[in-house]
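In: Here is the input, now give the coordinates:
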Amino acid sequence: MKQSNARQAAIAAVTSYRPLEKPLNFLDTPAKDLFGSNTFSDAVMRDRLPKSVYKAIQRTIRQGASLDPSIADAVATAMKDWAIEKGATHYAHVFYPLTGITAEKHDSFLSPDGQGGAVTEFSGKQLIQGEPDASSFPSGGIRATFEARGYTAWDVTSPAYILENPNGTTLCIPTAFCSWTGEALDKKTPVLRSMQALNRQAQRVLKLFGHTDPGYVFATAGPEQEYFLIDRNFFFARPDLTICGRSLFGAKPAKGQEFEDQYFGAIPDRVLACMLDAERELFKLGVPVKTPHNEVAPSQFELAPVYENANVAADHQHMVMITLKRVAEKYGLACLLHEKPFAGINGSGKHLNWSLGTAEMNLLEPGTDPHQNAQFLVFCAAVIRAVHTYSELLRVSIAHAGNDHRLGANEAPPAIISIFLGDMLSDIFDQIEQGGAKKSKRADTMTIGVDTLPALPKDAGDRNRTSPFAFTGNKFEFRAVGSSQSIAGPLVILNTVVSESLDYMATELEKATKGDPKKLNAAVQKLLQSVIKAHKAVIFNGDNYSESWHKEAAKRGLPNHRNTVDALAAVSGNKTYAALFEKYRVLSKRELASRNEIYAERYCKDVNTEALLCVSMARSQILPAAYRYQGELASTAGAMKAIGVSAHRGSLEQITKLTNSLESAIDGLAHAIDHKAQGNTLDHARHYRDAVVPAMMEVRKYADQIEGIIADDLWPLPTYQEMLFIR
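Out: All right, here's what the predicted structure looks like:
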């Protein structure tokens, strides 16, 4: 019997792949000239706006000053003219609802002139405010379905840009999205609020250290993006990948990642062509992508940017995900952003490199003598205190159904939030706890032992890839963020909890010094000693994967919420956390409660979708194939018996047993889906976690065993071996 049509066609198409388009000409425009060419950048504004308008815009962008509405018409006219010169026919308010993905409302520049013709129009009012329908976006109870009005508001701090399309271009304007009631319905608004809170508290600390005009303090972010690329023919032959983003079935191939030959290996030509094309498109949009490379798992890759303003970085991260998917299609590939598209091999994360500073200085830069850098030590200690005090909030910021497949395995940080400081900083804070830091460990040089190779500068400490929150030179790397999620949520939590911690540090120092700068050094030493004694439990430089650390973390009182439901339960209804967000005007109680409701509901929807598809695929594709194989074996055994030949019945008995078990497991999963839990949304989420997820795993267990013994020409789905290794 021939292979099933979908699988056979997919393999044939992949092995005969030819490029769909001619290679790009990289000689036409140097990359440095390409970068930002499709953004309404500082240079474009300086060139096109009246000087007074340009200065007003810059005060808002660089100093956080209130936006002057009177300049909107001038900006809108300049923006429209620039966009039309770029071929734009439409403009779109781009926003980031609580679905976690990008949304757009497009409008044409053309308006009827009343005389049978049309004119191009774009006013300041149209720039500043839009009105998409808000009724069908997640609101967590803030809005009823019949309450439809919502607004988008121009975010001047994030550059407008041109999005190219085969049939034209669109002017895209980053915006915040709120309800008619003024409550945030999006990811961006809380980020902007948290950035504002961070600046206020950081300014207080800087003032104590003698900075009279340090400039606006902002968070910076550089999110690394991991992803898989597989052929689109395989992708469309797998309903689970197209609908859920991950494979619900798939036997482990003979070879996975154990040879360690994929990591930083030579990039396949087809993939490299896709990467370079994606980079080129991102360069045009001003996204500072820097480092593409092979990741650990077969067919897994990574793209890392240079850090930038955290709000802009969050917008750019959405562009990265969209661009990777769009460009992959040009090369006959599908980009998978799910945290665990393939069981048994490395999953994908989005390491969020986070810091804070001004245009002139990084406030987490240790300098050459960190033990003497009191300002750095105060900011660093504030982060340590924040992570320890609010670890549950950090954990919930990266909690969703996709990340549950990844966190805690020996490939990603555990669900326990801890900090890696490295040898140098750990030693300094140990000295501080004992009474005062006297020295810093020095960086050394490394001699490789080959005369023709140079001596290399060696860092004062190693890195730790198992830590969920690691200090990496002049920033912290939040490694637990999921590859498919917006970085806005983790940024909101980080900015807010660090704001509270800086508030605490500033208040203590202000009380101790009472305006006398001569008392600052003693006050800093006393405060640092107090903070490190109270919060050193969160510091761990060892192997976060080890069972011994899990036991030690429990002794230290560090929470270990192993899944999304536990993480949500720990923060839902917590009055302390609600008061925190309200105090710093990041989220009201209603806004916070709505998000908890939305994330619990999303967990239910994700698992329910996977479960329904699991039943459908098992019944309509896998069971029929198993019965056909069972029938072939039974027919063969019967024919041999008829001619007096004794047939071995082991394979027949094995497939019969597995098929019966699979059918029972499918019935069990269907029952788990149909059984409705009682209570609130979180109670429903518990049902999905405790009943539906295990039932899905049971179905998969038998299906994967059947895949391992069934005749190859009967198996209906592209296999792991084919998807991951045929390129």
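
In: alpha carbons only for contacts and neighbour counts from here, please
Out: Fine.

In: so the residue positioned nearest the centre of the chain, which of the three states?
Out: Nearest to the mean C-alpha position of the chain, by CA atoms, centre = their mean, lies Gln485 at 3.8 Å. The three-state label for Gln485, taken from DSSP: H, G, I helix; E, B strand; the rest coil, comes out as coil.

In: surely it meets Gly100?
Out: Yes: look at Gln485 against Gly100 with CA atoms under 8 Å: they come within range, at 6.5 Å.

In: Roughly how far does the residue nearest to the centre of the chain sit from Lys188?
Out: Summarising the geometry, the distance separating Gln485 from Lys188, computed by CA to CA, to the nearest Å, is 14 Å.

In: Could you do His405 as well?
Out: Per CA to CA, His405 is found 27 Å from Lys188.

In: quick one, which of those two is more surrounded?
Out: Counting neighbours by other CA atoms under 10 Å for His405 and for Lys188 shows that Lys188 has the greater number, 27 against 17.

In: now the helices: where do they sit in the stretch 551-700 of the chain?
Out: With DSSP state H, counting those that start in this stretch as the definition, the stretch 551-700 of the chain shows helices at residue ranges 564-571, 575-583, 589-617, 623-642, 650-674, 681-687, 693-709.

In: can you tell me which of those helices the model trusts least?
Out: For the helices of the stretch 551-700 of the chain, the weakest mean pLDDT is recorded on helix 623-642, namely a mean of 91.

In: what helices or strands is that helix leaning on?
Out: helix 650-674 (3 or more CA pairs under 8 Å, 6 or more residues apart in numbering; DSSP states H and E).

In: Average pLDDT for the strand ranked longest in the chain, rounded please.
Out: Using DSSP state E to define each element, the chain has its longest strand at strand 168-179. The predicted model assigns strand 168-179 a mean pLDDT of 94.

In: buried ones in that strand?
Out: Thr169, Thr170, Leu171, Cys172, Ile173, Pro174, Thr175, Ala176, Phe177, Cys178, Ser179 (16 or more other CA atoms under 10 Å).

In: Now for the residue nearest to the first one when sequence neighbours are not counted: which residues touch it?
Out: What sits nearest to Thr169 in space, not counting adjacent residues and going by CA to CA, 6 or more residues apart in numbering, is Ala88, at 4.5 Å. Taking CA atoms under 8 Å, 6 or more residues apart in numbering as the criterion, Ala88 is in contact with Ile162, Gly168, Thr169, Thr170, Leu171.

In: could you dump these to a markdown table with distance to Asn199?
Out: Output for these, formatted as a markdown table (distance: CA to CA, whole Å):
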| residue | distance to Asn199 |
| --- | --- |
| Ile162 | 30 |
| Gly168 | 40 |
| Thr169 | 36 |
| Thr170 | 34 |
| Leu171 | 31 |
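
In: and which of those residues is nearest Asp369?
Out: Closest approach between these and Asp369, by CA to CA: Ile162, at 45.4 Å.

In: quick one: that closest one from His90, how far?
Out: Ile162 sits at a distance of 10 Å from His90 (criterion: CA to CA).

In: what's the answer for Val538, then?
Out: Here Val538 is placed at a distance of 51 Å from His90 (CA to CA).

In: same thing with Pro298?
Out: Counting by CA to CA - Pro298 and His90 are separated by 41 Å.

In: Same check on Asn560?
Out: Taken as CA to CA, the span from Asn560 to His90 is 49 Å.

In: Same question for Asp683.
Out: Using CA to CA, one obtains 45 Å as the distance from Asp683 to His90.

In: Just want to know which of these two has more residues nearby.
Out: Comparing Asp683 with His90 by neighbour count (other CA under 10 Å), the higher total belongs to His90, at 20 against 16.
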